[in-house]
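**Q** below is the sequence, then the predicted model.
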Amino acid sequence: MVEVAKALSLDAKLVIFDEPTAALTETETTALFAVIAQLKREGVGVVYISH
C-alpha cells in the first residue's frame, strides 16, 4: 500500500501491480481492490498481473 501511495503522490497515470495480493491478508486484499476500483474511477490505468 505504501508503493501505491507513492505512485499516487507522483500523479501516476498508470499503476502496474505484479502479484500484489501474494503477501496480503484477506482484509488487506479487500482494501487493495477498493483502492484499485477508486483508481479506475479516477481514470488511472491499472495493469494487474497474477499467475
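**A** That came in fine, so what should we check first?
**Q** C-alpha only now, for contacts and for neighbours.
**A** Will do.
**Q** can you tell me the helix or strand for the residue nearest to residue 1 when sequence neighbours are not counted?
**A** Among residues not flanking residue 1 along the chain, residue 32 sits closest, at 7.4 Å (C-alpha to C-alpha, 6 or more residues apart in numbering). In this structure, residue 32 sits in helix 26-41 according to DSSP states H and E.
**Q** pull up the gap between the residue nearest to residue 1 and residue 50, please.
**A** As judged by C-alpha to C-alpha, to the nearest Å, residue 32 and residue 50 stand 14 Å apart.
**Q** show me which of those two is the more surrounded one.
**A** Here residue 32 and residue 50 are compared on neighbour count by other C-alpha atoms under 10 Å; more neighbours surround residue 32, at 17 against 10.
**Q** outside of the helix or strand that residue 6 is a member of, which residues touch it?
**A** In the assignment (DSSP H and E), residue 6 maps to helix 2-9. With C-alpha atoms under 8 Å, 6 or more residues apart in numbering as the test, helix 2-9 has contacts from residue 15.
**Q** now do stretch 16-35, average pLDDT.
**A** Averaging pLDDT along stretch 16-35 yields 94.
**Q** contacting residues around it?
**A** The contact list for stretch 16-35, computed with C-alpha under 8 Å, 6+ apart, reads 1, 46-51.
**Q** now do the helix holding residue 6 against helix 26-41, angle only.
**A** Interaxial angle, helix 2-9 versus helix 26-41 (axes from the mean of the first three to the mean of the last three C-alpha atoms, to 10 degrees): 20 degrees.
**Q** list the contacts for the most centrally placed residue in the chain?
**A** In the chain, the residue lying closest to the centroid (C-alpha atoms, centre = their mean) is residue 36, at 4.7 Å. Residues near residue 36 by C-alpha under 8 Å, 6+ apart: residue 46.
**Q** what's around residue 44, how many residues?
**A** Residue 44 sits with 17 neighbouring residues when counted by other C-alpha under 10 Å.
**Q** nearest residue to it in space, please, no chain neighbours.
**A** Spatial nearest neighbour of residue 44, chain neighbours left out: residue 13 (4.9 Å); criterion: C-alpha to C-alpha, 6+ apart.
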